[in-house]
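Asker: my questions are about this predicted structure, shown below with the sequence.
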Amino acid sequence: MSVIIKQRSRFFNSDNYKYFVLFMLGLVAAVNFIDRAIFSVLAVSIKEDLLLSDTQIGLVGGVGFALFYAIMGLPLARLADKTNRINLLTLCLTFWSLATAACGLVANFWQLLAARIAVGGGEAGCFPASFSVLSDYFAPSKRAFAIGLFYFAGFLGFTFGLAFTGALAESIGWRLTFVVVGLPGVLLAICLKFTVREPKRTATDETQNNSKVELFIIIKKLIKKRSYIHLVLGYTFFIFSSYAMMLWLPQFYNRVHGLDSSEIGLYFGMALGLGLVFGSFAGAVLANKLIARSRIWEMRFPALVSIMAFFAFCTVLLAPSLPISLVACFFGGVASTAGLGPNFAAIQSLTSPQYRATSSALVLFVAAIIGQGVGPTLAGVFSDLLNNAEFDNPLKIALLVISFPFILSAMHNFLGSRSFLNDLDA
């Protein structure tokens, strides 16, 4: 027994343990993205089975998910700043996994909306707590790389989730698919609890964590930094367009290119998913090299990929053939994730240790309400309005309009970079 205890202690205190933590949090991110993403593929079957409109699908995938995600994000982030973050992640993972499974038991729009609201509420605790843990395990110069790999694992799960969800739904139905995909997250929560150790917070964290810094004081400190405001706006506009694309492109491929659920999962899932995976890894590596030269790239790199995302997704929608559209979809996926590591590294850089999770949650709060909530929902509303006006390909037109905030995202990230270095010194 004493030998086992010594080996366990040696494992927890080894220099490589932080990479095991990154691996485990990456698995949590993968489950998070799978549970969040499968709705976009299953929405084709759900819409037909429950007789839903595009507006209702947009509400469930947009505002329904994002509103509670945003509401719960700040209180859960404050808990992450004050309590054991691993315990919090374990509880949140268990809750959203059970809520995902519950989506397979719904009988109407309102029950589906309630189930997706519950998924959003549970997932709200994932990213702020994870970013805070990684920031304590990795040095500032390595945070963009660590967060980039965290997203890499998440989008790897997203890819496999999309690729197999459609085929799984074709064989066992969309209801049982939700159950099969949701329940394994409970097992992962148990593994997380017993293998990942809560890291020691920095000295600044420990001395100030007992001072009960109020939320409005934190917000006041953050908004004094001009680069932080631009960072919030840039990330929000990016999420506005990218989440609308991820929710509605399966419907686009079904209506414009005639793909069924299994084909959507295979072709769209692999094209977008592989792009997301490649982008998160390549972005982490490339951004890390640029940031080593100048920290200003923590904001300028996301500006560049926002422009790339705009042109890639416009090509997806306007391409004359399915193969060209899918190739463009791959590059759209690359652009969607390449800037995430630098984005959240910049947030951590601008933030004092005692409210790192809260600063991330504030960004996610605004992005959830306006980006995840309004973006996908507005796309559905536009599609219904254009359809009622008898436009050809109304969903395509709606998504083209929704793609323009990518340009606004690039603009705000570039403007924020101009004051970023001064805000770091402050």
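Answerer: Done, it's in.

Asker: go through the lengthiest helix in the chain and flag the buried ones.
Answerer: As assigned by DSSP state H, the longest helix anywhere in the chain is helix 17-50. Burial within helix 17-50, assessed by neighbour count using 16 or more other CB atoms under 10 Å, is assigned to 17-18, 20-22, 24-47, 50. C-betas here are computed from N, CA, C, even on glycine.

Asker: next one: stretch 226-235
Answerer: Buried positions in stretch 226-235, judged by neighbour count with 16+ other CB under 10 Å: Ser227, Tyr228, Ile229, His230, Leu231, Val232, Leu233, Gly234, Tyr235.

Asker: so which helix or strand takes in the first one?
Answerer: So that's Ser227. helix 226-256 (DSSP states H and E).

Asker: and that helix, how far from the chain's centre?
Answerer: Distance of helix 226-256 from the chain centroid (CA atoms, centre = their mean, to the nearest Å) equals 11 Å.

Asker: report the separation between Phe344 and Arg418.
Answerer: 20 Å (CB to CB, to the nearest Å).

Asker: those two: who's more crowded?
Answerer: Set Phe344 next to Arg418 and count neighbours by other CB atoms under 10 Å: Phe344 wins out with 29 against 14.

Asker: can you tell me the element the more buried one falls in?
Answerer: Assigned by DSSP H and E, Phe344 belongs to helix 340-349.

Asker: packing partners of the helix or strand following that helix?
Answerer: Using DSSP H and E, the next helix or strand after helix 340-349 towards the C-terminus is helix 356-366. Other elements packing on helix 356-366 under the criterion 3 or more CB pairs under 8 Å, 6 or more residues apart in numbering; DSSP states H and E are helix 65-82, helix 126-137, helix 215-223, helix 226-256, helix 340-349.

Asker: how about JSON lines for these, with distance to Gly154 and mean pLDDT added?
Answerer: Output for the helices and strands packed on helix 356-366, formatted as JSON lines (distance: least, CB to CB, whole Å; pLDDT from 0 to 100):
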{"stretch": "helix 65-82", "distance to Gly154": "15", "mean pLDDT": "82"}
{"stretch": "helix 126-137", "distance to Gly154": "9", "mean pLDDT": "86"}
{"stretch": "helix 215-223", "distance to Gly154": "25", "mean pLDDT": "75"}
{"stretch": "helix 226-256", "distance to Gly154": "13", "mean pLDDT": "91"}
{"stretch": "helix 340-349", "distance to Gly154": "9", "mean pLDDT": "80"}
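
Asker: of all those, which lies closest to Leu162?
Answerer: Among those, the nearest to Leu162 by CB to CB is helix 226-256 (8.4 Å).

Asker: just the angle for that closest one relative to helix 340-349, thanks.
Answerer: Angle of helix 226-256 versus helix 340-349, following axes from the mean of the first three to the mean of the last three CA atoms, to 10 degrees, is 150 degrees.

Asker: if we look at the following helix or strand past helix 226-256, which residues are touching it?
Answerer: Downstream of helix 226-256, the next assigned helix or strand under DSSP H and E is helix 261-263. With contact meaning CB atoms under 8 Å, 6 or more residues apart in numbering, helix 261-263 is reached by Val41, Leu42, Val44, Ser45, Gly166, Ala167, Ala169, Glu170, Tyr253.

Asker: right, and the helix or strand after helix 261-263?
Answerer: Counting by DSSP H and E, the next helix or strand C-terminal to helix 261-263 is helix 269-293.

Asker: and that following helix, how far out from the chain middle?
Answerer: With CA atoms, centre = their mean, you get 15 Å for helix 269-293.

Asker: ditto for stretch 126-142
Answerer: 16 Å.

Asker: check stretch 378-397 too.
Answerer: With CA atoms, centre = their mean as the basis, stretch 378-397 stands 27 Å off its chain's centre.

Asker: again, but for stretch 324-343
Answerer: Averaging C-alpha positions (CA atoms, centre = their mean) puts stretch 324-343 13 Å from its chain's average.

Asker: same thing with stretch 32-47?
Answerer: Offset of stretch 32-47 from its chain centre (CA atoms, centre = their mean): 14 Å.

Asker: pull the number of nearby residues for the spatially closest residue to Gly185 that is not a sequence neighbour.
Answerer: Of all residues beyond its chain neighbours, the one nearest Gly185 is Ser97 (2.9 Å), with distances taken as CB to CB, 6 or more residues apart in numbering. By other CB under 10 Å, 25 other residues sit near Ser97.

Asker: now swap in Lys142 and tell me
Answerer: The local packing of Lys142 (other CB under 10 Å) involves 14 other residues.

Asker: what kind of secondary structure is it in?
Answerer: Following DSSP: H, G, I helix; E, B strand; the rest coil, we place Lys142 in the helix state.

Asker: with adjacent residues omitted, what lies nearest to it?
Answerer: The spatial neighbour of Lys142 that comes closest, neighbours along the chain excluded (CB to CB, 6+ apart), is Asn288 at 7.8 Å.

Asker: again, but for Ile34
Answerer: Gly161 (3.6 Å).

Asker: my read: the one you found touches Phe33, true?
Answerer: Yes - using CB atoms under 8 Å, Gly161 is in contact with Phe33, at 6.9 Å.
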